[in-house]
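J.: Attaching a predicted model along with its sequence, questions to come.
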Amino acid sequence: MTLSPDDIAAIWLTLKLASIVTVLLILISTPIAWWLARTQSWLKGPINAIVAMPLVLPPTVLGFYLLLFLGPQGAMGQLLAKIGVSPLPFSFSGLVVASMLYSLPFVVQPIQNAFIAMGDRPLEAASTLRASPWDSFIHVAVPLAKPGYISAAVLGFAHTIGEFGVVLMIGGNISNETRVISIQIYDHVEALEYGQAHTLSLLMIVFAFVVLAFLYSTQKRQKSKGLTGGLL
Amino acid sequence: MSSKQDHNPLCVQVTYQHLKTSTFSLDVDLKLPNSGVSALFGPSGSGKTTLLRCIAGLEPNKQSSITLNGEIWQSGTKSIYSPAHKRPIGYVFQDANLFPHLSAKENLQFAIKRANSAQPIISYKDVIRLMNIEAILSQYPAQLSGGERQRVAMARALLIQPKLLLMDEPLSALDDALKQEILPYLEQLCRRTSIPIIYVSHSLDEVIRLADYMVVLDKGRAIEEGKTQSLLGKLGTSFSRYQDASVVVSGAVTRQEPKWGLSWISFDNQTIAFKQGDEKLGDLIRLRIQSKDVSLALSKQDNSSILNRLSVLIDDLERDPKDPSMIMVRLLAGTTTILAKITTLSAHNLRLEKGQTIIAQIKSVAVLS
């Protein structure tokens, strides 16, 4: 049960992808989650639904439309070609874009729940202490939502590591570019290399357990400190 | 209160309709003194908390007008509206509302960093001493008792260096034992700071202990307003029918007899004895006299055990509509009002009537401060 250089390359590529996707998702999910948590607009329902769609759609559906949309004939593909960006499908950048879409609900929802759970009261207290809305957001809302952010980061990261269908559709199987762990396992099984498939699969199982065990045990601690939000 | 302060009061003209439940509306036009404690008093649902939130800018209602010392916070006619964080207020919430992710000390620092440093009113040291929170500063809100949390919250509201301190029933979330623990701090705060305070409460007891001025709210309207002392003595107001209807008299300590353990205050050529505490000659003392502790006699009975017997004038009499067996008699000791709750039968037997001079016998008094 040893890892081949190809396996190790796949592991590094997966970790790199998941890290970049997580950081970018945290940044773009924060305003979305804040808006969804506090708005009274009728758009709240539809936007919530759009954010949650990757939860129910088969990854192949997402991958298929992304392929069409980002491909050389697609609207975004042609636009990108005009400004001199190389086509996104079958590239690492394309994988980042696809993974962000795919993992979006896993990051938005925990943050959104944390913002909802804290309610208006801490922000009201902050405003009576002369804190501007932006000041309150940075120094009260975000720190209070810390458990939500931890859940969001861990889930976003883990979910990106676990993806397969979208990668297969839009990324293909290019070593050091798009061949992530799940694809590598698929390759090993196709090639009847069950030993190597085992090694990588067991690694994934251990990883998933450690991540979830960490999440559930930290959540209890954070709740007792009065912080809000989380997994469930 | 000096006349200068009277010219620059806190003007609050609020019309407010709750967006979702159209059944409640608030419509008041008040001029509150800009010194001392003004109480907004009324039953729950009377709109007192909503009014306080409107003053703070926490309740969006752009049609109202609020001015402090000529400084316009919002004006419906001039389309001026400063949001809560731009108003020079401190706010003490019912349940403290400390930031749970910050320790007590960090909660205070949050206020200090954003305080109005141009016009410091009270120093950090004084606030810590006033609220006696030195020992608990390193604790997180979840580790503090309800009373400790409320003391930290009051300290935090003071450290923002407000020009107006708003307090929303700061004692109502506490049980009686904790209330008794906090009240002395609150009294200290009200007496020692120069910041005008608006204090919301449904407890007459708290209002009597703390407030110089009061507004009685009912169903979103101000039904009575005036100095606590004179309002309490007024017949026909909703609270003179309370079981514990009472008045407050104040005066300087003019005599002390350690041998008998008594002190006397003088006011309007009258004296009242009370149990000696740690007050000194010349101290200003406020005494609460409950109407049920006052009985009436036609002549001075020197053979009575009751020490406090004042010659007073009957100003008015009113039957209690809920209990026809009792009658409330308003008495004037000089200019000070005293209420006596006696049976209607006694009033009839003694042939009490307006303008009559009579002896009020006061069985007991409570020292407020």
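T.: Okay, I see it.

J.: For B:Ala115, grab the count of nearby residues.
T.: Each residue near B:Ala115 was counted by other CB atoms under 10 Å in any protein chain shown, and the total is 20. Bear in mind the C-beta positions are built from the backbone N, C-alpha and C, glycine included.

J.: show me the contacts for it.
T.: The neighbours of B:Ala115, taking CB atoms under 8 Å, 6 or more residues apart in numbering or on different chains as the test, are A:130, B:159-161.

J.: Which of those are buried, as a ChimeraX select command?
T.: Buried members of the contacts of B:Ala115, defined by 16 or more other CB atoms under 10 Å in any protein chain shown, are picked up in ChimeraX with:
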select /A:130 /B:159,160,161
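
J.: Looking at the contacts of B:Ala115, which one is closest to B:Pro33?
T.: B:Gln161 (20.3 Å; CB to CB).

J.: Enumerate the residues of the stretch 1-150 of chain B near chain A.
T.: Contacts of the stretch 1-150 of chain B with chain A, taken as CB under 8 Å from any CB of the partner chain, map to B:56-58, B:83-86, B:89-91, B:93, B:97-101, B:110-111, B:114-116, B:140-142.

J.: same thing but at 10 Å, please
T.: When proximity is defined by CB under 10 Å from any CB of the partner chain, the stretch 1-150 of chain B lies next to chain A at B:19, B:53, B:56-58, B:83-93, B:95-102, B:107, B:110-116, B:140-143.

J.: Buried only: go through the residues you listed for me.
T.: B:53, B:56-58, B:84-85, B:87-93, B:95-102, B:107, B:110-111, B:114-115, B:140-141.

J.: Inside strands: which ones of those residues?
T.: Among those, the subset assigned to strands under DSSP state E consists of B:89-92.

J.: and of these, the nearest to A:Ile50?
T.: B:Tyr91 (38.6 Å).

J.: which residues sit in contact with the closest one?
T.: Neighbouring residues of B:Tyr91 by CB atoms under 10 Å, 6 or more residues apart in numbering or on different chains: A:124-125, A:127-129, B:52-53, B:55-58, B:84, B:97, B:153, B:156-157, B:160, B:162, B:164-168, B:198.

J.: now, which of the residues you listed lie within helices?
T.: Those of these mapping onto helices are A:124-125, A:127-128, B:52-53, B:55-56, B:153, B:156-157, per DSSP state H.

J.: Give the ChimeraX command for selecting the buried subset of these.
T.: The buried subset of the ones in helices among the contacts of B:Tyr91, as determined by 16+ other CB under 10 Å, is captured in ChimeraX by this line:
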select /A:124,125,127,128 /B:52,53,55,56,153,156,157
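
J.: and the ones in helices among the contacts of B:Tyr91 as CSV, adding distance to A:Ile138 and pLDDT?
T.: Listed next are these as CSV, based on distance: CB to CB, whole Å; pLDDT from 0 to 100:
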residue, distance to A:Ile138, pLDDT
A:Glu124, 17, 96
A:Ala125, 15, 96
A:Ser127, 14, 96
A:Thr128, 17, 96
B:Leu52, 28, 95
B:Arg53, 24, 94
B:Ile55, 27, 93
B:Ala56, 22, 95
B:Ala153, 22, 95
B:Arg156, 19, 96
B:Ala157, 22, 95
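
J.: all helices for the chain, in order.
T.: Looking at chain A here, since you left the chain open. Using DSSP H, helices in chain A cover A:5-38, A:44-56, A:59-70, A:75-82, A:92-118, A:121-128, A:133-136, A:142-144, A:146-161, A:165-170, A:181-190, A:194-224.

J.: Let me rephrase: I mean chain B.
T.: Under the criterion DSSP H, chain B contains helices at B:3-7, B:48-56, B:104-114, B:124-131, B:146-159, B:176-192, B:204-210, B:228-232, B:344-349.

J.: now B:Pro33: how far from B:Trp260?
T.: B:Pro33 is 39 Å from B:Trp260, where distance means CB to CB, to the nearest Å.
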